[in-house]
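S.K.: sharing a model prediction with you, sequence too.
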2 protein chains.
Amino acid sequence: MPRLYDVVAIGNAIVDVIAPASERFLQAEGLAKGAMTLIDESRAHALYARMAPGVEASGGSAANTAAGVASLGGRAAFLGKIADDQLGEVFAHDMRAIGVEFRGGALVGGPSTGRCLANVTPDGERTMCTYLGAAVELGHDDIDSAVVEGGAVLYLEGYLFDPPEARRAFARAAGLARGAGRSIALSLSDAFVVDRHRETLLGFIRGQVDVVFANEAELLSLFRTSDFSVAARSAADLARIVAVTRGENGSVIIADGEQLAVGALAVDRVADTTGAGDQYAAGFLHALANGKSLDVCGRLASLAAAEVISHYGPRPQVCLRELATAQGL
Amino acid sequence: MPRLYDVVAIGNAIVDVIAPASERFLQAEGLAKGAMTLIDESRAHALYARMAPGVEASGGSAANTAAGVASLGGRAAFLGKIADDQLGEVFAHDMRAIGVEFRGGALVGGPSTGRCLANVTPDGERTMCTYLGAAVELGHDDIDSAVVEGGAVLYLEGYLFDPPEARRAFARAAGLARGAGRSIALSLSDAFVVDRHRETLLGFIRGQVDVVFANEAELLSLFRTSDFSVAARSAADLARIVAVTRGENGSVIIADGEQLAVGALAVDRVADTTGAGDQYAAGFLHALANGKSLDVCGRLASLAAAEVISHYGPRPQVCLRELATAQGL
């Protein structure tokens, strides 16, 4: 099987609606700051009606990572489900325009394209409420074997553990990638996702995953501990590589029995952390798929994350390849 | 008739699709840099397919001005036409969320909500291609007399001279405002719009308009001259107040036989000039409707314009009232 892509990503196809919000607003709406909460369509309408004026930008965690890989000059494909509507058109356009091979097709007559209502507080932290919409219809049959088998790395978002059909799609994709001798990477996505699916996630990771991405809260949730050093020790046996992001404190790469600390890149102002983890994964996987050292993987990851938190929106606004070249990476 | 609003704006209801573009892209697409070109739906699809990944943000010239007035703490209403679709929902949400009274209703079964494809070159200049969609259906019957008569200033965008039905709506609104003893303000919108409708515009302005907003190119086009001093002299007889924006050179307010120069506010980086003229008009009209001097009108106009060009998108991203207070205005 020829290598067609550096990274093949599978995830929920989502358009973000990003608006500024106060801490008081989060409290009034009962939202867990920094988390992702699944909501239904009527709650989405009610919450949207109370949000500030926003901007719309294509999102979706694994889709953002695929976009980041493409921006870095890599070959990326994305599998996900949109509806045959205006936001679906926006999503498909933005994937193709950044150079990602987008497969999945548009659902006719079902729910509308998924939306993430992202409320961004003055500290740049995003609190997300997601209406999955058409994304829940991603199923077993949407997994294109030629695409999955053609990717050096298969990248899956933990959010896919929520929609039941997607879990089957997930399993099929992992089986195909394994069979083709490809690597599998997984993002834990959200501490509450981890809490909902801890045992399934642990089983899947230990059985099939090579690279795990997690932030600190997700890793702590996975191992039910509040002590990072305990979680980090447990992570050493979890997968070949575990990359843990720690916000402004950078990240820690746990591999080969060692811990490698990588610094975060300074940004003038954190405008919106949406997509930080997704772009970290993009930088890391792009370097990994191209045979770079873990140190370079971490540094490219930090560069991509720093770019995305400096502006509103979950995807790069500049060509990351040029940015990386300018920084000697 | 009680005064319900500081500003009542009528214009095309449009959602902007904003994407970075190169100068070469504009040339390849045959686009006149800095101008607004009307396109049909099929051209919109073809152009969009070739554009870079974008963000979507509610726009429309007069709608942006209404949003700016509301952000300054003023009472604003907007009349315009959207469709019953996702982008229409976004437009309506963003108007109401910023505090603008939005009237017009959603068109069912007709064209989709209007879109402006804004290609932004590295110098921050925006080049716009507009598919008017549902906006062309704004007609005579959409002009709510209680709203128009309740506004201290009726603000009309010159873009409305293009759709034939809108011109009738325009005339009706102007008649209502005049009858109620209100002021009428008009933006010339675009040099090509001026060229297409020069005589009609001149007749309308001389007969009914109190305040004219124009940029340099539009004023030169109106008077068919390439000499700004000639255009400025002609402008003195055009209307009670003529405010001419000159980009980084600030603006000139022509009134009472005099010319008042107003400086532009410095910004770190011009990210996207979309909405600069709209927010200039918002600051100016908000001050004017509240009885401020022309000097204060100009300074508040400059402040609102400076905020909007510092980021992507045609509407304020911070509360302009707080910004103005912080600057002692």
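M.R.: Thanks, I have it.

S.K.: quick check: next helix or strand after the helix or strand hosting A:Gly283?
M.R.: Using DSSP states H and E, A:Gly283 maps to helix A:276-289. As assigned by DSSP H and E, the chain's next helix or strand after helix A:276-289 is helix A:294-309.

S.K.: that next one - contacts with which helices or strands?
M.R.: Counting contacts by 3 or more Cβ pairs under 8 Å, 6 or more residues apart in numbering or on different chains; DSSP states H and E, helix A:294-309 packs against helix A:61-71, strand A:241-245, strand A:251-255, strand A:258-262, helix A:276-289, helix A:320-326. Quick note: C-beta positions are derived from backbone N, CA and C, even for glycine.

S.K.: list the strands paired with the second one, with their directions.
M.R.: To tie it back to what came earlier, the one meant is strand A:241-245. strand A:211-215 (parallel), strand A:251-255 (antiparallel) (DSSP bridges).

S.K.: now that strand: average pLDDT?
M.R.: Strand A:241-245 shows a mean pLDDT of 98.

S.K.: which residues outside it are in contact with it?
M.R.: The contact list for strand A:241-245, computed with Cβ atoms under 8 Å, 6 or more residues apart in numbering or on different chains, reads A:210-216, A:219, A:232, A:235-236, A:251-255, A:276-277, A:280-281, A:284, A:288, A:294, A:297-298, A:301, A:305.

S.K.: which among those count as buried?
M.R.: Buried subset of those (neighbour count, 16 or more other Cβ atoms under 10 Å in any protein chain shown): A:210-216, A:219, A:232, A:235, A:251-255, A:276-277, A:280-281, A:284, A:288, A:294, A:297-298, A:301, A:305.

S.K.: which strands or helices does the lowest-mean-pLDDT helix or strand in chain A pack on?
M.R.: Sorting the helices and strands of chain A by mean pLDDT, DSSP states H and E puts strand A:106-107 at the bottom, at a mean of 88. Counting contacts by 3+ Cβ pairs under 8 Å, 6+ apart, strand A:106-107 packs against strand A:82-83.

S.K.: the strand it packs on pairs with which strands?
M.R.: Sheet partners by DSSP bridges: for strand A:82-83, these are strand A:106-107 (parallel).

S.K.: check contacts around the residue in the stretch 151-300 of chain A positioned nearest to chain B.
M.R.: When scored by Cβ to the nearest Cβ, the stretch 151-300 of chain A has A:Ala271 as its residue closest to chain B, at 9.4 Å. By Cβ under 8 Å, 6+ apart, the contact set of A:Ala271 is A:120, A:124, A:309-312.

S.K.: now tabulate those residues in JSON lines and tack on distance to A:His197.
M.R.: Listed next are the contacts of A:Ala271 as JSON lines, based on distance: Cβ to Cβ, whole Å:
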{"residue": "A:Val120", "distance to A:His197": "27"}
{"residue": "A:Gly124", "distance to A:His197": "28"}
{"residue": "A:Ile309", "distance to A:His197": "27"}
{"residue": "A:Ser310", "distance to A:His197": "32"}
{"residue": "A:His311", "distance to A:His197": "32"}
{"residue": "A:Tyr312", "distance to A:His197": "30"}
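
S.K.: could those residues go into CSV alongside pLDDT, neighbour count and distance to B:Cys319?
M.R.: Shown next, in CSV, are these (pLDDT from 0 to 100; neighbours: other Cβ atoms under 10 Å in any protein chain shown; distance: Cβ to Cβ, whole Å):
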residue, pLDDT, neighbour count, distance to B:Cys319
A:Val120, 95, 22, 15
A:Gly124, 92, 17, 18
A:Ile309, 95, 23, 23
A:Ser310, 92, 17, 22
A:His311, 89, 21, 20
A:Tyr312, 86, 26, 16
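
S.K.: out of the residues you listed, what pair is the most spread apart?
M.R.: Spatial extent of the contacts of A:Ala271 (Cβ to Cβ) is set by the pair A:Val120 and A:Ser310 at 13.1 Å.

S.K.: for the spatially most central residue of chain A, what are its contacts?
M.R.: Geometric centre of chain A, nearest residue: A:Ser61, 2.9 Å, by Cα atoms, centre = their mean. By Cβ under 8 Å, 6+ apart, the contact set of A:Ser61 is A:11-12, A:157, A:159, A:187, A:189, A:277-278.

S.K.: mind putting the residues you listed into CSV with pLDDT?
M.R.: Shown next, in CSV, are these (pLDDT from 0 to 100):
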residue, pLDDT
A:Gly11, 96
A:Asn12, 95
A:Glu157, 96
A:Tyr159, 93
A:Ser187, 98
A:Ser189, 95
A:Gly277, 97
A:Asp278, 98
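
S.K.: all helices of the stretch 101-250 of chain A, in order?
M.R.: With helices called from DSSP state H, counting those that start in this stretch, the stretch 101-250 of chain A shows them at A:145-149, A:164-179, A:191-196, A:198-208, A:216-222, A:228-235.

S.K.: so for B:Ala135, which of those sits nearest?
M.R.: Per Cβ to Cβ, nearest to B:Ala135 of the helices of the stretch 101-250 of chain A: helix A:164-179, 38.7 Å.

S.K.: which parts of chain A sit against chain B?
M.R.: A:17, A:19-20, A:48-49, A:51-58, A:67, A:85-87, A:90, A:93-94, A:97-98, A:112-113, A:312-313, A:315, A:317 (Cβ under 8 Å from any Cβ of the partner chain).

S.K.: swap the cut-off to 7 Å and go again
M.R.: A:48, A:51-58, A:85-87, A:90, A:93-94, A:97-98, A:313, A:315 (Cβ under 7 Å from any Cβ of the partner chain).
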